[in-house]
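Colleague: coords please:
(one chain, ligands or ions: 2)
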Amino acid sequence: MLSSRAQKIKPSPTLAIDARAKAMKASGIDVINFGVGEPDFDTPDNIKEAACRAIREGFTKYTPVGGIDPLKDAIIKKFHADNNLTYKREEIVVSCGAKHSLYNIAQALYGPGDEVIIPSPYWVSYPDQVLLNDAKPVFVRTLEKDSFMVKPEALEAAITDRTKALILNSPSNPTGMLYDRKTLEQIATLAVRHNFYVISDEIYEKLVYGGAAHISIASLDDEVKARTIVVNGLSKSHAMTGWRLGYAAGPADVIKAMTNIQSQSTSNPTSITQKAAVEALSGPQDFIAIMRSEFDKRRTFIVHELNTIPGMRCMTPNGAFYAFPNAADIYGSRFRDTTIASSTHLALYLLEEAKVALVPGDAFGDDNYLRISYATSLEDITKGMDRIRQAVRNLGPAT
Ligand code: PMP
Ligand code: GLU
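Modeller: Residues are numbered from 1 along each chain as shown. Ligands and ions are numbered 1, 2, ... in the order given. I've put the predicted structure just below:
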């Protein structure tokens, strides 16, 4: 019999759809994969070379659990330069991906009886990590008309004396929206007044467009910084998803607890990856601007295309690499003798009939939407949009 904890969670839907699309591709089916959020760029050569050097030089043994000092120092410099945040080494822990950092936070902070506020739509792993620690996710719905930012009044209404933390994600996966300073200030005031932690997942920090500026909530003042754990990583900024490198910065007692938990689970992140990460953070950064400008072109194109598909409406995201069209007007239409009644039905229909993989909004807590990752070539985006348009045309009217 599995533990009650294991029975409460499901596999990551984003990874599951990616696996399905890849399996279809491997069996010879021409699938366009808008499923997973993973840059299609290769890791820059200087980073790869740093890893090769680490191997050649025999840097292949255990390291300190929470990361080597040169990497912690590179992270401290990055926080200072990019976010105007000052941390000491004991306020930093390096983990095997930002997902792992978030998991360690969950283990360190959440327990039975605790409530963790998660604005929805949310990234898929937040609720399950809360559940894995026997705590309760409390969802606060955000709306497109508010740029998917949580309204301070709605947040306040969800706060109880059991509220342990709020999970913020800006730029957001799946909506692509970015929090503005005023809203962050209002959230910070509530966090300080009600004394809860803010978990600020900033993994898409480098992917913002059109002059938008990313602001870390921890940088607003010392009181909110003392309650914030900032999570970041190299998967998105340096196209390093497979290397597994994420990190967290926050109060020393929380970081120490996370490091202890890590010492009993994974131990250090891969030694070779850590050397590569020092190069990623300290070496040339021009790669990021090149990747961002390419994503920006795709963003403009995909949003335009989606808005020409009958029944779809897509706002322009200002961060990350996801389009998040509202497809609810399509629900109720029919294909042969089945009704497309939800985002999951529509996503399955598009996968089976149009050979396009995308993630139903339901996985992120809002059934009205679909998530389309545009971290794929313009050629594939063009083909995929044509396929979706045709498949939607093939649907019959609601009966
Ligand atoms: N946070 C968000 C919002 C994400 O989209 C992802 C997916 N890559 C992660 C965290 C985890 O990233 P990784 O574990 O690859 O660093
Ligand atoms: N974060 C990416 C996504 O949302 C990767 C998949 C995952 O880690 O779940 O697609």
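Colleague: For the longest helix seen in the chain, C-alpha coordinates in CSV please.
Modeller: Counting residues, the longest helix found in the chain (DSSP state H) is helix 286-306. Backbone C-alpha positions of helix 286-306 (Å, rounded to 0.1, in the frame of the first residue of the first chain) are rendered in CSV as follows:
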residue,chain,number,x,y,z
ASP,A,286,25.1,37.9,-24.9
PHE,A,287,23.5,34.5,-25.6
ILE,A,288,20.5,35.6,-23.4
ALA,A,289,19.7,38.7,-25.6
ILE,A,290,19.9,36.6,-28.8
MET,A,291,17.6,34.0,-27.4
ARG,A,292,15.2,36.6,-26.0
SER,A,293,15.0,38.5,-29.3
GLU,A,294,14.2,35.2,-31.1
PHE,A,295,11.4,34.4,-28.5
ASP,A,296,10.1,37.9,-28.9
LYS,A,297,9.6,37.4,-32.7
ARG,A,298,7.8,34.1,-32.1
ARG,A,299,5.7,35.7,-29.4
THR,A,300,4.4,38.4,-31.7
PHE,A,301,3.8,35.9,-34.5
ILE,A,302,2.0,33.3,-32.4
VAL,A,303,-0.3,35.8,-30.6
HIS,A,304,-1.3,37.3,-34.0
GLU,A,305,-2.0,33.8,-35.4
LEU,A,306,-4.0,32.7,-32.4
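Colleague: which helices and strands sit right next to that helix?
Modeller: For helix 286-306, the packing partners by 3 or more C-beta pairs under 8 Å, 6 or more residues apart in numbering; DSSP states H and E come out as strand 322-323, helix 378-393. Glycine gets a C-beta too; all of them are placed from N, C-alpha and C.
Colleague: Can I get these in TSV including mean neighbour count?
Modeller: Shown next, in TSV, are the helices and strands packed on helix 286-306 (neighbours: other C-beta atoms under 10 Å):
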stretch	mean neighbour count
strand 322-323	29
helix 378-393	17
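Colleague: Which stretches in this protein count as strands?
Modeller: Assigned by DSSP state E, the strands in the chain fall at 32-33, 92-95, 115-120, 136-141, 163-169, 197-201, 228-233, 246-249, 322-323, 334-335, 338-339, 356-357, 359-360, 370-373.
Colleague: Minimum distance to I9: which of those strands has it?
Modeller: With C-beta to C-beta as the measure, strand 136-141 is the member of the strands of the chain nearest I9 (11.4 Å).
Colleague: sorry, back to before: mean pLDDT and distance to V94 added to the helices and strands packed on helix 286-306, as CSV?
Modeller: Formatted as CSV, the helices and strands packed on helix 286-306 follow (pLDDT from 0 to 100; distance: least, C-beta to C-beta, whole Å):
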stretch, mean pLDDT, distance to V94
strand 322-323, 98, 26
helix 378-393, 97, 34
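Colleague: Turn those into CSV, including distance to K88.
Modeller: Converted to CSV, the helices and strands packed on helix 286-306 look like this (distance: least, C-beta to C-beta, whole Å):
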stretch, distance to K88
strand 322-323, 35
helix 378-393, 44
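Colleague: Around ligand 1, pick out the residues from the stretch 1-150 of the chain.
Modeller: The stretch 1-150 of the chain comes close to ligand 1 at residues 37, 97-99, 123, as judged by C-beta under 6 Å from any ligand atom.
Colleague: Swap in 8 Å and give it another go.
Modeller: 14, 37-38, 96-102, 123, 125 (C-beta under 8 Å from any ligand atom).
Colleague: Among those, which ones are in helices?
Modeller: Using DSSP H, these in helices are 14, 98-102, 125.
Colleague: contacting residues around the residue positioned nearest the centre of the chain?
Modeller: When the chain is reduced to its mean C-alpha position, the closest residue under C-alpha atoms, centre = their mean turns out to be N173, at 4.6 Å. Going by C-beta atoms under 8 Å, 6 or more residues apart in numbering, N173 touches 37, 123, 203-204, 320, 322.
Colleague: can you rerun that using 7 Å?
Modeller: 37, 123, 204, 320, 322 (C-beta atoms under 7 Å, 6 or more residues apart in numbering).
Colleague: neighbours of the second one, just the number please.
Modeller: As a burial measure, the neighbour count of W123 was computed by other C-beta atoms under 10 Å and equals 22.
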